[in-house]
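# here is a sequence with its predicted model. Questions after.
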Amino acid sequence: MSNSSAGSMKAKWGVSSSDAFYHFSTSGMSVATATGITHPLDVLKVRLQMQLVGQRGPLTGMGKLSMQVVKSEGLRALYLGLTPALMRSVLYGGLRLGLYEPSKCVCELAFESRNVLMKIASGAFSGAVATALTNPMEVLKVRLQMRRTNTHGSIQVLQKIASDEGIAALWKGVGPAMTRAAALTASQLATYDESKQMLMKWTSVQEGFFLHLIASTIAGTVSTIMTAPVDMVKTRLMLQQQSQRVGSYKNGFHCAYQVLQTEGPRGLYKGALAMFARLGPQTTITFIVCEQLRGLAGLKAL
């Protein structure tokens, strides 16, 4: 790498330990904040995705399901799996958002291009890596969200999964999860990045809360459309034990094929409304909080 390239990279990406700490911690904290606020919608999304497994038929709507859950299991049921969700958010969110900027810098230096394809590639890479490392927390979270009674703690459930199904079970659904995270991060961050640039270029809106609000709303909409089917497949794979009557899914493609065959195309979008209701606000909260925290930490905007 030439001196000028190294200097360019240093200018774009702070290399001090404090800058790195603030960069990753602000990302993790913003995702954790958004996760805590929208977690009940994530519980409902998982329950909706597990409706009528292997069957066609009328589906229960999100509003009706939420009332059924609260009536039969209590309000606390909407917060099942919150602890692993928050733990995962700090690690996963910190890596997913935190790796985007350095990945983008490397792509810009390697290909001497700043077009949207470089942003998509950077987002896909950071999302896939973050998910591969934190998949056990996601498996634990969805298992807890499907439990009607919360008699065991997170550590006990994690140990039970490992002892009954093997350590490899903690990485069930990692393929679709990585695919989803790659698609989510690529669509979310690239759309947010591009939306900000376009809005500042073509309108009078400048860097600030209003710009972050508009760009994050656009990003949340695009990422939901892109990732809903993959998210459903990921959930089914992680909850195979609860769906043994329809047989084991061999992989993500086999799961998607089985869903299409037995439940129809609509089956791939089970829980999509709950996902949109969660991912839209979550994306908006994440980016707004992240931008504010970055400003307080003395970092430049995303």
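Sure thing, it's come through. These figures come from a predicted structure and were not determined experimentally. Numbers count the residues shown, from 1 in each chain.
# okay, now Asn251: neighbour count?
13 (other C-beta atoms under 10 Å). No exception for glycine: its C-beta is placed from N, CA and C like everyone else's.
# typo on my end, it should be Gln197
14.
# which other residues reach stretch 62-82?
Here stretch 62-82 makes contact (C-beta atoms under 8 Å, 6 or more residues apart in numbering) with 36, 39-40, 42-44, 47-48, 60, 140-145, 147-148, 150, 273-274, 277.
# got a quick ChimeraX command for the buried subset of those residues?
The ChimeraX selection below is limited to those of the contacts of stretch 62-82 classed as buried (16 or more other C-beta atoms under 10 Å):
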select :39,40,42,43,44,47,48,140,141,142,143,144,145,150,273,274,277
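# so which of the contacts of stretch 62-82 belong to helices?
36, 39-40, 42-44, 47-48, 140-145, 273-274, 277 (DSSP state H).
# give the contact list for Gly295.
Shown in contact with Gly295 (C-beta under 8 Å, 6+ apart): Ala301.
# that one and Gly94, how far apart?
Gly295 sits 18 Å away from Gly94, taking C-beta to C-beta, to the nearest Å as the criterion.
# chain center to the helix or strand hosting Ile120, what's the gap?
Per DSSP states H and E, Ile120 falls inside helix 116-145. From the chain centre to the centre of helix 116-145 is a distance of 6 Å (C-alpha atoms, centre = their mean, to the nearest Å).
# show me which positions of the following helix or strand past that helix end up buried.
Sequence order places helix 154-165 as the next helix or strand after helix 116-145, per DSSP H and E. Across helix 154-165, burial judged by 16+ other C-beta under 10 Å covers 154, 157-158, 161.
# swap in stretch 125-132?
Going by 16+ other C-beta under 10 Å, stretch 125-132 has these buried residues: 125-131.
# which member of those is positioned nearest Leu184?
Of all these, Leu184 sits closest to Gly127, with 5.9 Å by C-beta to C-beta.
# which positions within the helix or strand containing Pro229 qualify as buried?
For Pro229, the element it lies in under DSSP H and E is helix 209-238. Neighbour counts over helix 209-238 (16+ other C-beta under 10 Å) mark 211-212, 214-224, 226-238 as buried.
# circling back to that earlier point, by how many degrees do the helix holding Ile120 and helix 154-165 diverge?
90 degrees (axes from the mean of the first three to the mean of the last three C-alpha atoms, to 10 degrees).
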